[in-house]
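# Structure for this input, please:
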Amino acid sequence: MSKGAGYIIYFFSLLAAYMVYWLFSLLSTIGFISFLSFVASVLHFGISSWLFLFWNKAGRVGSVTTGALLMIWPIQVVVNSFIDKEYSLLPYYLIPVIFSLITSILHIVNITKPVSVGKVSRYIMAIVPSILFLIYVWYVTRESLEEGALNIVF
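A predicted model of the protein is given here:
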């Protein structure tokens with residue numbers, strides 16, 4: 001696998017996950033499918049976007065899985081937009097689908113080929129989303145504990 005393909009997969013993964021995260025933040029009502037895509041986008045951004053750089057097959061399978069889950073809600077919105085003949089939202093919801101499809105195709109095609117990205121680049125590319133993911137998990141957990149939402153779990 002060429003060096004450029006590893007970077008393309010990485011950045012498309014981050015962009016697709018961020019787009020779904022951003023679109024979810026604009027929702028006024030939350031359903032199961034949109035929440036599932038949101039959780040998948042957080043996992044995709046924080047873990048799956050870089051895991052393939054260190055563990056090839058496991059990382060690629062995880063990225064394809066979370067990529068497929070985060071596409072469910074945007075695909076549903078696109079289908080409903082075509083049914084309702086309302087096309088104004090299509091660009092916003094098609095971008096993460098296209099990025100996730102490109103990422104998934106590149107992962108599937110290159111599943112047995114190791115990624116050739118420099119050692120320092122691998123760690124930098126893993127540290128940035130991991131730190132943001134941990135900060136986000138810490139924040140959500142802290143807020144949930146303050147509001148008593150996690151009393152059932154703990």
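# only C-alpha atoms for contact and neighbour calcs from this point on.
Noted.
# Which helix or strand contains R122?
Element membership of R122 [criterion: DSSP states H and E] is helix 119-147.
# Next: A68.
Counting by DSSP H and E, A68 is part of helix 56-84.
# Same question for S34.
With DSSP H and E as the test, S34 turns up in helix 32-43.
# ok, residues contacting the next helix or strand after that helix?
Once helix 32-43 ends, the next helix or strand along the chain (criterion: DSSP H and E) is helix 49-51. Residues from elsewhere that reach helix 49-51 (C-alpha atoms under 8 Å, 6 or more residues apart in numbering): 9-11, 13-14, 58-60, 62-63, 122, 125-126.
# Generate a ChimeraX selection restricted to the buried entries among the residues you listed.
Typed into ChimeraX, the line below selects the buried ones among these, using 16 or more other C-alpha atoms under 10 Å:
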select :9,10,11,13,14,59,60,62,63,122,125,126
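# check contacts around L134.
Neighbouring residues of L134 by C-alpha under 8 Å, 6+ apart: G46.
# which of the residues in stretch 125-140 are buried?
So, applying 16+ other C-alpha under 10 Å, buried residues of stretch 125-140: M125, A126, P129, S130, F133.
# ugh, wrong one, stretch 87-98
By neighbour count on 16+ other C-alpha under 10 Å, the buried set for stretch 87-98 is L90, Y93, L94, I95, P96, V97.
# quick one: it to chain centroid distance?
Here stretch 87-98 is found 15 Å from its chain centre; the criterion is C-alpha atoms, centre = their mean, to the nearest Å.
# So I111: helix, strand or coil?
The three-state label given to I111 by DSSP: H, G, I helix; E, B strand; the rest coil is coil.
# For it, give me phi and psi.
With angles defined as degrees, to the nearest 10, I111 sits at phi -60, psi -30.
# ok, back up a step: the inter-axis angle of the helix holding A68 versus helix 32-43?
Between helix 56-84 and helix 32-43, the angle comes out at 140 degrees (axes from the mean of the first three to the mean of the last three C-alpha atoms, to 10 degrees).
# Find out how far helix 56-84 is from the centre of the chain, if you would.
9 Å.
# Show me what counts as buried in that helix.
56-57, 59-64, 66-75, 77-78.
# And stretch 106-125, by the same measure?
Those would be L106, H107, N110, I111, P114, V115, V117, R122, M125, for stretch 106-125 by 16+ other C-alpha under 10 Å.
# Where is pLDDT lowest across these?
Among the buried residues of stretch 106-125, V117 carries the weakest pLDDT, at 74.
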